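Student: After the sequence you'll find the predicted model.
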Amino acid sequence: MAEDEATGRLAAASPAVGDPTGWFERLYTEAERGEAVVPWDRDAPHGLLVEWTTERCLTGAGRRAVVVGCGYGRDAEHIAGLGFETAAFDISPTAVAAARDRHPGSTVDYRVADVLDPPPAWRRSFDLVVESMTVQALPAEIRAAAIGAVGELVAPGGTLLVIAAGRADEEPTPVAPPWPLTRVEIDAFAGAGLVPVLVEGIQDQSGVRRWRAEFHRGPIR
Ligand SMILES: C[S@@+](CC[C@H](N)C(=O)[O-])C[C@H]1O[C@@H](n2cnc3c(N)ncnc32)[C@H](O)[C@@H]1O
């Protein structure tokens, strides 16, 4: 089974039914039945996240974090392991159930939620927000709203970390997801009162480009 076969097929069908994110649940349920592969399914947390937390000797005792579009929970478990009281959410109920199953005894509060309509109590309430590869999976018509909604999760004094595939402004948008982010889209995370403190464009040995960007809401706590 090709890793991206189901992603392309299901994502292509979603706009036709006016449901730009419904394909995620369909992909995860097919994967549960062994009929599809989830391309981003990895045991290890994202390398750019681990490097970022390690370089800063980041510890989370007494602080709250949230992981956006957590999938099977690999990044959420890393953040919880640093001591953060960690929430993690995904729009797919099947992904959330699988995350709970994969991490028995986890301290992470896994929830089903839509980044475009998060629980009101989450507004500006997290000291650390991790957004890794969710926005790049969202089509243009909801992307700006998603970028704004991610920023609204950051508490005063809090930090947002964004990890995403990258492309040059003049490059055409791919037909199927992921749709790598341009620099303009990365800069848009600074809306809603966030200040960019670090925007890195990183190219790996195979030529894949990624962004790692950090934003703060006021002085860091
Ligand atoms: C490319 S995957 C990345 C998953 C995870 N961040 C990782 O690195 O393993 C994007 C994830 O975002 C979730 N997602 C898509 N739209 C969402 C939304 N509106 N709100 C919350 N999660 C969403 C998908 O179900 C999927 O798990």
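Tutor: Nice, thanks for sending it over.
Student: what helix or strand is residue 124 on?
Tutor: Under DSSP states H and E, no helix or strand contains residue 124.
Student: Could you report the neighbour count for the residue nearest to it when sequence neighbours are not counted?
Tutor: Counting by CB to CB, 6 or more residues apart in numbering, residue 124 lies nearest to residue 155, which is 5.3 Å off, once chain neighbours are set aside. No exception for glycine: its C-beta is placed from N, CA and C like everyone else's. Residues near residue 155, counting by other CB atoms under 10 Å, number 19.
Student: Likewise for residue 57?
Tutor: By the measure other CB under 10 Å, the count of residues near residue 57 is 7.
Student: Same check on residue 98?
Tutor: Residue 98 has 21 neighbours, counted by other CB under 10 Å.
Student: Check residue 177 too.
Tutor: 21.
Student: got it, and residue 191?
Tutor: 14.
Student: CA atoms only for stretch 193-208, dumped as CSV, please.
Tutor: The C-alpha trace of stretch 193-208 is given here as CSV (Å, rounded to 0.1, in the frame of the first residue of the first chain):
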residue,chain,number,x,y,z
GLY,A,193,-0.7,40.2,18.9
LEU,A,194,2.2,37.7,18.6
VAL,A,195,5.7,38.7,18.0
PRO,A,196,8.0,36.6,15.8
VAL,A,197,11.3,35.9,17.5
LEU,A,198,12.7,33.2,15.2
VAL,A,199,11.9,32.2,11.7
GLU,A,200,14.1,29.5,10.3
GLY,A,201,14.0,28.1,6.8
ILE,A,202,15.6,24.6,7.0
GLN,A,203,16.5,22.4,4.0
ASP,A,204,17.4,18.8,4.7
GLN,A,205,19.8,16.6,2.7
SER,A,206,17.1,15.4,0.4
GLY,A,207,16.1,19.0,-0.5
VAL,A,208,12.9,19.1,1.6
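Student: neighbouring contacts of that stretch?
Tutor: Residues outside stretch 193-208 that contact it (CB atoms under 8 Å, 6 or more residues apart in numbering) are 48, 151, 154, 160, 165-166, 183, 186-187, 189-190, 209-218.
Student: follow-up on the earlier one: need the next SSE after the strand or helix carrying the residue nearest to residue 124, C-terminal direction.
Tutor: Here residue 155, judged by DSSP H and E, is contained in strand 154-165. Next helix or strand after strand 154-165 toward the C-terminus (DSSP H and E): helix 183-187.
Student: which residues make contact with that next one from outside it?
Tutor: Under the contact criterion CB under 8 Å, 6+ apart, helix 183-187 has outside partners 135, 143, 147, 162, 164, 166, 169, 196, 199, 201, 211, 213.
Student: and these, which are buried?
Tutor: Taking 16 or more other CB atoms under 10 Å as the criterion, what is buried in these is 135, 143, 147, 162, 164, 166, 199, 211, 213.
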